[in-house]
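*Asks:* sharing a sequence plus its predicted fold:
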2 protein chains.
Amino acid sequence: MLTPKEQIKIICKGVHQCVNQEELLVKLKKSYDKKEPLTIKLGLDPSAPDIHLGHAVVLRKIRQMQELGHQAVIIIGDFTGKIGDPTGKSKGRIALTDEKVKENAHTYCEQIFKILDKEKTIVRFNSDWLAKLTFEDIIKLAATSTVARMLEREDFKNRYKNSVPIGLHEFLYPLMQAYDSVEVKADIELGGTDQTFNILMGRTLQKAMGVEQQIALFMPILEGIDGVEKMSKSLGNYIGISEPAEIMFKKVMEVPDNLIMKYFELATDEHPNEIDKVQEELSNGTNPRDIKFRLAKVITSLYHTEDELQKAISYYEMAFSKKAIPHDIPILLLEDEKDILRDIISKLIEMDYVKSKSEFIRLIKQGGIQINGEKIEEDELNRVLINEDVIKIGKKKFIKINK
Amino acid sequence: MLTPKEQIKIICKGVHQCVNQEELLVKLKKSYDKKEPLTIKLGLDPSAPDIHLGHAVVLRKIRQMQELGHQAVIIIGDFTGKIGDPTGKSKGRIALTDEKVKENAHTYCEQIFKILDKEKTIVRFNSDWLAKLTFEDIIKLAATSTVARMLEREDFKNRYKNSVPIGLHEFLYPLMQAYDSVEVKADIELGGTDQTFNILMGRTLQKAMGVEQQIALFMPILEGIDGVEKMSKSLGNYIGISEPAEIMFKKVMEVPDNLIMKYFELATDEHPNEIDKVQEELSNGTNPRDIKFRLAKVITSLYHTEDELQKAISYYEMAFSKKAIPHDIPILLLEDEKDILRDIISKLIEMDYVKSKSEFIRLIKQGGIQINGEKIEEDELNRVLINEDVIKIGKKKFIKINK
């Protein structure tokens, strides 16, 4: 086991803020002396079970701590998930059934164990304790905070200022997350910098309830591939860790150049020396595209086999890279779900992509027709086309299916 | 049974505000047609069980409605009473034991039935339902209101503006009172005008929870005998309905002249015509003191027998009125709880109140010694003296016992 000082160096690397390091050192020393692992808490919202590289920033940090010997506790926030938003105003807070929550939790676990060490992870559902609280408990919980304190939270502050209603129950949600920390006796809680308020509330509540205060580790926020907003599923700017290698690779290639370094730092396990080299190359005028290609390889290989990676690379090179796929591929809109390859030949003729059906068949025989980077054989004329299929005709012509 | 229109006239008389009369008329009609009484709700705080004329304003209005055939539900707010203020900052909200709550509730009932009709009153404890609410219930409850709405309440608004902390749990209290209305399906809730926010919250919550909305009847606030602040025990400006006739009478005589009419209107059952006459007399220059004397008689007789009233009058006349008792009666401090009248004769001689024991005995025989306005017989020399006893010796000398 590494010494507390060695551990703290690793733990705080890449962290945006640690509240606070002195207390963390004390905890690490106690853990080291007693040979007892620290409890690392992460809360997850079961309404959106797709884990992307944004979540992975936090998960990789937990993984590092697991490698140092510590214990992760993943809390599935099923309690709020099951209640939803009683006002019906928040679209993200539609009440989920028990079954849906379980299903989402299962999906979560499948994904997080691509990063976390299963042996050092406990998964808990917060309805286990929150559902049991009485009104008296809740009053005591609520009494640990003030209205003014809640209105300091950025989103609440802005809504109050702009007269956008804040439901009274919304003030209870941060307390729930905080109470989770009390319940699992969290030593460390991680989150993005947008979780500052909620995670610090955990510290406050632990103190009020006589539990040792957790350390808050705030990780930087990873922007999505639009380069502007925080990566999130609802904005469509995300790279899901369960996405097929081809899609993952292609999405990384879409990351804006100015984020290459941030992605290297937050979304890979590359050694700092290696990352320094990348920075140097970028400064020396190496084509960012080549460096991004390396980034895409590194990230894809974290979640896929070498074989999948290789296929993704050749697909990418075929479809988008060397042969310079134009950004604005013409779209072919198909109205019938069952349309097969053979059905679109007449349309391709109309659109002047091929001269005749026989030319199309000849092209197939010569290996000149590809779907999603794979050559098509003649016996695949009955293949059902699906949305987003990219068909390449000859050397330069592309068409994308839209159903 | 009176017709709805006749009833509404009586119900709304003397009421500061009714929200709202149209709905009240609908309820009264339904009640009249179905021969079902309306449910009149009043919530009482069990931490201060002394009922005074301020409460009586509301209770007398309920009594009127009972006489119209309706049903009162008195809710003892024992739930908050038992919790107290978890922050320990509110002195009025110290957690009460179950026993203390029961004891206070008993004291309450003894007092309220001096005004209310026991046969048409149900007493309920709100812990019966509030203690059973789950976190999920409470979130749904909280979701019916907003932070902005809560901050509209005068006291919250001022505290927020002046940066005086508002505990988050304090936002839950108005919801509890409102939930009581849902639970008992209140048709009408009464309170002082200072209860406007909380009682209207009951209407909002009933609507949100699919229960017919209650009518809010706001009664005017009765100032205490200081003539400035709302009557309240903690300010010491109150007239308790269980106070001895002597004290009640004397306290009414202390009411400032400018409140005589308000006391007649709010604290008595006098007929409006009678009250008009009083107003006329006051305007015509009748000595306010004489009118107040009548007020004191009317109020005292509401809570005491004719005999008690007469004693109170003679005591008052003896001690404070005709024979001009000085405000600074000398105090005679007795250290022994058992001291009797005979024991103090030597002290009275020392203090030069009488010349000798035989003079004292002679005075008794002549009817010249009084205790609290009553002449003493010779066989009462063994009477134990108690705190605050006023002894009158001869025509002008007074002494007050302090034990």
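*Replies:* That came through fine. Numbering: from 1, shown residues only, chains lettered A, B, ... in the order given.

*Asks:* reduced to three states, what does residue A:227 come out as?
*Replies:* Under DSSP: H, G, I helix; E, B strand; the rest coil, residue A:227 falls in the coil class.

*Asks:* next, the contact list for it, please.
*Replies:* Taking Cβ atoms under 8 Å, 6 or more residues apart in numbering or on different chains, we find residue A:227 in contact with A:255, A:256, A:258, A:259. No exception for glycine: its C-beta is placed from N, CA and C like everyone else's.

*Asks:* buried only: go through those residues for me.
*Replies:* A:255, A:259 (16 or more other Cβ atoms under 10 Å in any protein chain shown).

*Asks:* that's a helix at residue A:58, yeah?
*Replies:* Yes. Residue A:58 sits within a helix when classified using three-state DSSP.

*Asks:* which residues touch stretch A:100-107?
*Replies:* A:46, A:47, A:49, A:50, A:76, A:78, A:81, A:82, A:96, A:123, A:125.

*Asks:* same question, stretch A:120-133
*Replies:* With Cβ under 8 Å, 6+ apart, stretch A:120-133 has contacts from A:37, A:43, A:66, A:70-79, A:82, A:101, A:105, A:109, A:112-113, A:141, A:176, A:179-180, A:183-184, B:134-136.

*Asks:* re earlier: which of the contacts of stretch A:100-107 fall within helices?
*Replies:* A:78, A:81, A:82 (DSSP state H).

*Asks:* give me the neighbour count for the residue nearest to residue A:134 when sequence neighbours are not counted.
*Replies:* Nearest-residue entry for residue A:134: residue B:131, 6.6 Å, with adjacent residues in sequence omitted and distances by Cβ to Cβ, 6 or more residues apart in numbering or on different chains. Other residues near residue B:131 number 15, with proximity taken as other Cβ atoms under 10 Å in any protein chain shown.

*Asks:* distance check, residue B:131 against residue A:139.
*Replies:* Distance, residue B:131 to residue A:139, by Cβ to Cβ, to the nearest Å: 11 Å.

*Asks:* on that earlier part again, of the ones in helices among the contacts of stretch A:100-107, closest to chain B?
*Replies:* Comparing the ones in helices among the contacts of stretch A:100-107 against chain B with Cβ to the nearest Cβ places residue A:82 closest, at 7.9 Å.

*Asks:* list the contacts of the closest one.
*Replies:* Taking Cβ under 8 Å, 6+ apart, we find residue A:82 in contact with A:95, A:96, A:97, A:98, A:101, A:127, B:136.

*Asks:* pLDDT score for it?
*Replies:* With respect to pLDDT, residue A:82 scores 75.

*Asks:* OK, contacts around residue A:294?
*Replies:* So residue A:294 contacts residue A:278 (Cβ under 8 Å, 6+ apart).

*Asks:* separation between it and chain B?
*Replies:* 49 Å (Cβ to the nearest Cβ, to the nearest Å).

*Asks:* quick one, grab the pLDDT at that residue.
*Replies:* For residue A:294, pLDDT reads 95.

*Asks:* residues near residue A:297, how many?
*Replies:* Residues near residue A:297, counting by other Cβ under 10 Å: 16.

*Asks:* what pLDDT does the model give it?
*Replies:* Reading off the model, residue A:297 has pLDDT 96.

*Asks:* where does the stretch 201-350 of chain A dip in pLDDT?
*Replies:* Across the stretch 201-350 of chain A, the ranges flagged by pLDDT under 70 are A:320-327.

*Asks:* ok, whichever residue of it sits closest to chain B to residue A:202 distance?
*Replies:* Per Cβ to the nearest Cβ, residue A:208 is where the stretch 201-350 of chain A lies closest to chain B, at 9.4 Å. Computed with Cβ to Cβ, the distance linking residue A:208 and residue A:202 is 11 Å.

*Asks:* just the buried members of the contacts of stretch A:120-133?
*Replies:* Buried subset of those (neighbour count, 16+ other Cβ under 10 Å): A:37, A:43, A:66, A:70-79, A:82, A:101, A:105, A:109, A:112, A:141, A:176, A:179-180, A:183-184, B:135-136.

*Asks:* in helices, which of these fall?
*Replies:* Per DSSP H, the buried ones among the contacts of stretch A:120-133 map to helices at A:66, A:78-79, A:82, A:101, A:105, A:109, A:112, A:141, A:176, A:179-180, A:183, B:135-136.

*Asks:* does the residue of chain A positioned farthest from its centre count as helix, strand or coil?
*Replies:* Going by Cα atoms, centre = their mean, the residue of chain A most distant from its centre is residue A:358, 47.0 Å out. Residue A:358 falls in the helix class when you classify it by three-state DSSP.

*Asks:* that one and residue B:382, how far apart?
*Replies:* 137 Å.

*Asks:* tell me the confidence at the residue farthest from the centre of chain A?
*Replies:* For residue A:358, the predicted pLDDT is 90.

*Asks:* need the worst-confidence member of the ones in helices among the buried ones among the contacts of stretch A:120-133.
*Replies:* Within those, lowest confidence goes to residue A:82 (75).

*Asks:* now rank the contacts of residue A:82 by neighbours and give me the top one.
*Replies:* Counting by other Cβ under 10 Å, top hit in those: residue A:101 with 22 neighbours.

*Asks:* what separates that one from chain B, distance-wise?
*Replies:* From residue A:101 over to chain B the distance is 14 Å, taken as Cβ to the nearest Cβ.

*Asks:* give me the nearest residue to that residue, chain neighbours excluded.
*Replies:* Nearest one to residue A:101, counting by Cβ to Cβ, 6+ apart, is residue A:78 at 4.5 Å.

*Asks:* that neighbour against residue A:46, yeah?
*Replies:* Yes. Judged on Cβ atoms under 8 Å, residue A:78 makes contact with residue A:46 at a distance of 5.4 Å.

*Asks:* identify the contacts common to these two.
*Replies:* Joint contacts of residue A:78 and residue A:46 (Cβ under 8 Å, 6+ apart) are A:96, A:101, A:105.

*Asks:* distance between stretch A:146-164 and the chain's centre?
*Replies:* Relative to its chain's centre, stretch A:146-164 lies at 28 Å (Cα atoms, centre = their mean, to the nearest Å).

*Asks:* cool, stretch A:3-21 as well?
*Replies:* Relative to its chain's centre, stretch A:3-21 lies at 23 Å (Cα atoms, centre = their mean).

*Asks:* list the buried residues for that stretch?
*Replies:* A:4, A:7, A:8, A:11, A:18, A:19.

*Asks:* end to end on that stretch, go ahead and measure it.
*Replies:* With Cα to Cα, to the nearest Å as the measure, stretch A:3-21 spans 15 Å from end to end.

*Asks:* next: stretch A:209-220.
*Replies:* Start-to-end, stretch A:209-220 (Cα to Cα) is 30 Å.

*Asks:* do stretch A:335-349 as well
*Replies:* One end of stretch A:335-349 to the other measures 18 Å (Cα to Cα).

*Asks:* next one: stretch A:112-121
*Replies:* By Cα to Cα, the extent of stretch A:112-121 from end to end equals 10 Å.

*Asks:* re earlier: against residue B:67, how distant is the residue of the stretch 201-350 of chain A closest to chain B?
*Replies:* 51 Å.

*Asks:* one more: residue A:70?
*Replies:* Residue A:70 sits 73 Å away from residue B:67, taking Cβ to Cβ as the criterion.

*Asks:* residue A:291 too?
*Replies:* The spacing between residue A:291 and residue B:67, counted by Cβ to Cβ, is 90 Å.

*Asks:* ok, the two, which is more surrounded?
*Replies:* residue A:291 (18 against 12).

*Asks:* could you find the closest non-adjacent residue to the residue of the stretch 201-350 of chain A closest to chain B?
*Replies:* Nearest to residue A:208 is residue A:144, by Cβ to Cβ, 6+ apart, at 4.1 Å.

*Asks:* doesn't the one you found fall inside a helix?
*Replies:* No. Looking at residue A:144 with three-state DSSP, it is coil, so not inside a helix.

*Asks:* can you get me a residue count around residue A:288?
*Replies:* Neighbours around residue A:288, by other Cβ under 10 Å: 16.
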